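Asker: after the sequence you'll find the predicted model.
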Amino acid sequence: MAQGTSDVALHHSGQGEQHEHPPFLAHHFDTPAQQFDAAKLGMWVFIVTEILMFGGLFVAYGIYRAQEPEIFHLAHRHLDKVLGAFNTVVLLFSSLTAALAVRAAQIGNRKQTSVMLVVTILCACAFLVVKYFEYSHKIHEGLLPGRLFTAHLHHSDLPQRAHMFFALYFMMTGLHGIHVVVGMSILAWVLWRNVKGDISAEYFTPVEIGALYWHLVDLVWIYLFPLLYLVG
Amino acid sequence: MNHTAPTHTNQAHETHDDGRVHAHISTVKFLVGVFAALIFLTFVTVYVSYFDFGEANTFVAVLIATMKATLVALFFMHLRYDKAFHGVVFIMGFLFLGLFLLFAHIEIRTRGYVDEASSTTVLPRTGAPAPGGIEPSARVPRARATGGSTAAGSPAH
């Protein structure tokens, strides 16, 4: 399966990889498999730290919603369900293309890997464009955190205290948005490595790890969308 | 650089400790199927948001989101075919997040608040003086406390 294509140098050596070192193998690893496993374990630990970072905001969300359910309900109606759902579909699709990029890299299809990475990055751009329209709409209506909250000047039904909802909204989607930008940069770097020819069926770790980061961005949004846009 | 070598493929399958990366490769059809399931669940979660289940609203939303997250983690992030330990690490993250949520909620629900009438810290349920609250001798005189509250309330009038 994964071994459709193979590195000639590796195979001539048989079991003795210590003599024939493939260029992608760092000197402190014995085998490509060991290097791959170390990279993946490191990424999973990093993903846990990311869950805990977003976790703080989700805990704040839970406490605020439990304390002021009525205001939360009123405020959440000012979010656009349709735009949120559209962005969800965009992110899910980008996750699919990221997974397809990994698959293409695993079977050694360099061109397809590049195409899938480009599609993923374009989806990320689409997500940010939609987010830009959502944010500018909020700014125009004065639906902003803290002292910036001026909804009462726009004949809004929201009490002043609702600024807390928008503080949470901007913090949660903002931190997620930063992750989208970082994810785009990582995928662009992976794309560049792939175009350079560093990626092969033997060494697709950057694609795999980059895709893991992108799926994490998707995972966070999977929870953000219903909790902010749908339930109230 | 890379060229197909079927004989080597067989060899690699027999010897699993050959040091090469043996990762599962999903078919395109399967990945598209997972994506279709995710889109379906997205429609379900938007659809049910038009109904009111009262207290269960959040539960339903989180349940569907968790189903979607499970699909992404198992198949897009390859946890299904990965070392079990990576899954353990991932689940541990959620366990600690659960602890964080649990303790924060216990703290909020059992927190005393300042009762302005008696200017003491009371427990939220019973109204009894909270342990660790303000000692009776150190309490703010009642006149000052009420004066402060009317002063704070006056701009509203």
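Answerer: Arrived safely, thanks for sending. Residues are numbered from 1 along each chain as shown, chains lettered A, B, ... in the order given.
Asker: what's the first helix or strand after the helix or strand encompassing A:Leu168?
Answerer: Taking DSSP states H and E as the criterion, A:Leu168 maps to helix A:163-196. Note on helix A:163-196: by DSSP H and E, the next helix or strand toward the C-terminus is helix A:205-224.
Asker: point out where the chain drops to low pLDDT.
Answerer: By default, I'm working from chain A. Confidence mapping of chain A against pLDDT under 70 gives the ranges A:1-20, A:232.
Asker: wrong chain, I was asking about chain B
Answerer: In chain B, residues with pLDDT under 70: B:1-16, B:115-116, B:118-119, B:124-125, B:130-157.
Asker: one step back: got the angle between the helix holding A:Leu168 and helix A:205-224?
Answerer: 160 degrees (axes from the mean of the first three to the mean of the last three CA atoms, to 10 degrees).
Asker: ranges for the helices of chain B?
Answerer: B:6-14, B:28-48, B:56-71, B:84-109, B:142-153 (DSSP state H).
Asker: go on, chain A?
Answerer: Using DSSP H, helices in chain A cover A:8-13, A:32-67, A:69-76, A:81-106, A:110-140, A:163-196, A:205-224.
Asker: wait, which of these is closest to B:Gly87?
Answerer: B:Gly87 lies closest to helix A:32-67 among the helices of chain A, at 8.6 Å (CB to CB). In short, each C-beta sits where N, CA and C put it, glycine included.
Asker: what's B:Ala54 sitting at in phi/psi?
Answerer: Let me fix one detail, which is that residue B:54 is Gly and not Ala. phi 60, psi -130 (degrees, to the nearest 10).
Asker: show me what contacts it?
Answerer: Contacts for B:Gly54 (CB atoms under 8 Å, 6 or more residues apart in numbering or on different chains) come out as none.
Asker: if I pick residue 29, what's in contact with it?
Answerer: Unless you meant another one, I'm taking chain A. By CB under 8 Å, 6+ apart, the neighbours of A:Phe29 are A:35, A:38.
Asker: wrong one, I was asking about chain B
Answerer: Applying CB under 8 Å, 6+ apart, no residues qualify as near B:Lys29.
Asker: how close does it get to chain A?
Answerer: Going from B:Lys29 to chain A by CB to the nearest CB, to the nearest Å gives 11 Å.
Asker: okay, the helices of chain A in a markdown table with distance to A:Ala151 and mean neighbour count next?
Answerer: Converted to a markdown table, these look like this (distance: least, CB to CB, whole Å; neighbours: other CB atoms under 10 Å in any protein chain shown):
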| stretch | distance to A:Ala151 | mean neighbour count |
| --- | --- | --- |
| helix A:8-13 | 64 | 15 |
| helix A:32-67 | 17 | 17 |
| helix A:69-76 | 9 | 17 |
| helix A:81-106 | 19 | 23 |
| helix A:110-140 | 10 | 17 |
| helix A:163-196 | 8 | 19 |
| helix A:205-224 | 22 | 24 |
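Asker: including distance to B:Lys83, could these go into JSON lines?
Answerer: Formatted as JSON lines, the helices of chain A follow (distance: least, CB to CB, whole Å):
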{"stretch": "helix A:8-13", "distance to B:Lys83": "22"}
{"stretch": "helix A:32-67", "distance to B:Lys83": "7"}
{"stretch": "helix A:69-76", "distance to B:Lys83": "40"}
{"stretch": "helix A:81-106", "distance to B:Lys83": "17"}
{"stretch": "helix A:110-140", "distance to B:Lys83": "24"}
{"stretch": "helix A:163-196", "distance to B:Lys83": "22"}
{"stretch": "helix A:205-224", "distance to B:Lys83": "13"}
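Asker: mind checking the ones you listed for the one nearest to B:Gly127?
Answerer: That would be, of these and by CB to CB, helix A:32-67, which comes in at 18.6 Å.
Asker: what is the closest one packed up against?
Answerer: If you count contacts as 3 or more CB pairs under 8 Å, 6 or more residues apart in numbering or on different chains; DSSP states H and E, helix A:32-67 packs onto helix A:163-196, helix A:205-224, helix B:84-109.
Asker: want to throw these into CSV with distance to A:Ser94?
Answerer: Listed next are these as CSV, based on distance: least, CB to CB, whole Å:
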stretch, distance to A:Ser94
helix A:163-196, 9
helix A:205-224, 7
helix B:84-109, 21
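Asker: to A:Phe36, which of the ones you listed lies closest?
Answerer: helix A:205-224 (5.6 Å).
Asker: tell me how far the closest one lies from the chain's centre.
Answerer: 4 Å (CA atoms, centre = their mean, to the nearest Å).
Asker: and it with chain B, contact?
Answerer: Yes - counting by CB under 8 Å from any CB of the partner chain, chain B is contacted by helix A:205-224 at A:208, A:211-212, A:215, A:218-219, A:222-223.
Asker: look up phi and psi at the residue in chain B positioned nearest to chain A.
Answerer: Residue nearest to chain A within chain B: B:Gly19 (2.9 Å; CB to the nearest CB). Backbone dihedrals for B:Gly19, given as degrees, to the nearest 10, come out at phi 90, psi 0.
Asker: number of nearby residues for it?
Answerer: 22 (other CB atoms under 10 Å in any protein chain shown).
Asker: do B:Tyr47 as well
Answerer: By other CB under 10 Å, neighbour count at B:Tyr47 equals 9.
Asker: hang on, the earlier thing: quick check: the farthest pair among the residues of helix A:205-224 next to chain B?
Answerer: A:Glu208 and A:Tyr223 (23.5 Å).
Asker: who's in contact with the closest residue to A:Val118 other than its chain neighbours?
Answerer: In space, A:Val118 comes closest to A:Leu191 once its chain neighbours are excluded; the distance is 6.7 Å by CB to CB, 6 or more residues apart in numbering or on different chains. For A:Leu191, the contacting residues are A:114, A:117-118, A:121, by CB under 8 Å, 6+ apart.
Asker: one more time with 10 Å
Answerer: A:101, A:113-118, A:120-121, A:199, A:206-207, A:210 (CB atoms under 10 Å, 6 or more residues apart in numbering or on different chains).
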